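output the structure for:
(one chain, ligands or ions: 1)
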Amino acid sequence: MTYTIFGDKGSGAFSAEAVLAEAGAPYEFHSVSLEKNEQKKPEFLAINPSGKIPALRLPEGEVITESSAILLTIADHFPNARLLPPQGGFARAQAFRWLAYMASEIYPMVEIVDYPERFAPRGGQAEALRSKARDRVRERMALIERSIAGPFLLAGGFSICDIYAAMFSRWSVGKEWREEHLKKVTALAAAVSERPKIAPVWARHFGS
Ligand SMILES: N[C@@H](CCC(=O)N[C@@H](CS)C(=O)NCC(=O)O)C(=O)O
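The predicted model follows:
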């Protein structure tokens, strides 16, 4: 009864692995190298036709894709791990809001920063687009910065939103900019990285 994560180090697969570790679930990590473009190979497209990681094979054999859906699914499978605020309350609605915000407002900008030539001709235009997308990621992360209850995003404490926010803090914005402008997000990421079950996962994906 094992979950299988398809992903790469330092990628969105961190969020899937961290939530499984936090829940205490058994899992295996199947490497899909972004450097070798393995996410676009037929073997992986048969698992996730959108050619992106992470993907998660559930113990029953079905595959779920989209990082936010993976986090919600694991939170659902392991209610005792309290990865989300209680059902029916406003805090849970806020958690959904932040997951949707990061998945829809930030993740697509990361794709532009990483692969600008998918959206503009190579050269100057692609570089200019990358720079604008980086600005948007920074602006959108700054909105999270202003909303953090402290130390975690929701006033009620740790949730899957923190795993997700900590991951986005590692991408696109740049270390120096993050440390200067995202002090609360940086502290939140440190708190996530120090959780006993997540610490080894964090170290493998992002170093210490
Ligand atoms: N909407 C997807 C986005 C996933 C995504 O963009 N993953 C990146 C790695 S962090 C990826 O697979 N990039 C490779 C590519 O776009 O070719 C999700 O939330 O899971």
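
please identify the helix or strand for Leu84.
Using DSSP states H and E, Leu84 maps to neither a helix nor a strand.

what does whichever helix in the chain runs longest rub up against?
Counting by DSSP state H, the longest helix found in the chain is helix 124-147. Helix 124-147 has contacts (C-beta atoms under 8 Å, 6 or more residues apart in numbering) with 98, 101-102, 105-106, 109-110, 112-113, 116-117, 119-120, 153, 165, 168-169, 171-174, 177-178, 181-185. All C-beta atoms are positioned from the backbone trio N, CA, C, and that covers glycine.

and the contacts of the helix or strand following that helix?
Using DSSP H and E, the next helix or strand after helix 124-147 towards the C-terminus is helix 160-169. With contact meaning C-beta under 8 Å, 6+ apart, helix 160-169 is reached by 12, 14-15, 18-19, 22, 67-68, 71-72, 74-75, 83-84, 95, 98-99, 102-103, 106-107, 110, 137, 141, 144, 152-154, 178, 182, 185-186, 188-189, 191-193, 198, 202.

quick one, helix 160-169 and helix 124-147 angle?
Between the axes of helix 160-169 and helix 124-147, defined by axes from the mean of the first three to the mean of the last three C-alpha atoms, to 10 degrees, the angle is 140 degrees.

can you tell me if helix 160-169 touches the ligand.
No: counting by C-beta under 6 Å from any ligand atom, the ligand is not contacted by helix 160-169; separation bottoms out at 8.7 Å.

C-alpha coordinates for that helix, CSV please?
Extracted in CSV, the C-alpha atoms of helix 160-169 (Å, rounded to 0.1, in the frame of the first residue of the first chain):
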residue,chain,number,x,y,z
ILE,A,160,-0.4,22.1,3.6
CYS,A,161,-0.4,25.7,2.5
ASP,A,162,2.9,26.2,4.4
ILE,A,163,4.5,23.3,2.5
TYR,A,164,3.4,24.9,-0.7
ALA,A,165,4.5,28.4,0.2
ALA,A,166,7.9,27.2,1.4
MET,A,167,8.4,25.5,-1.9
PHE,A,168,7.5,28.6,-4.0
SER,A,169,9.9,30.7,-1.9
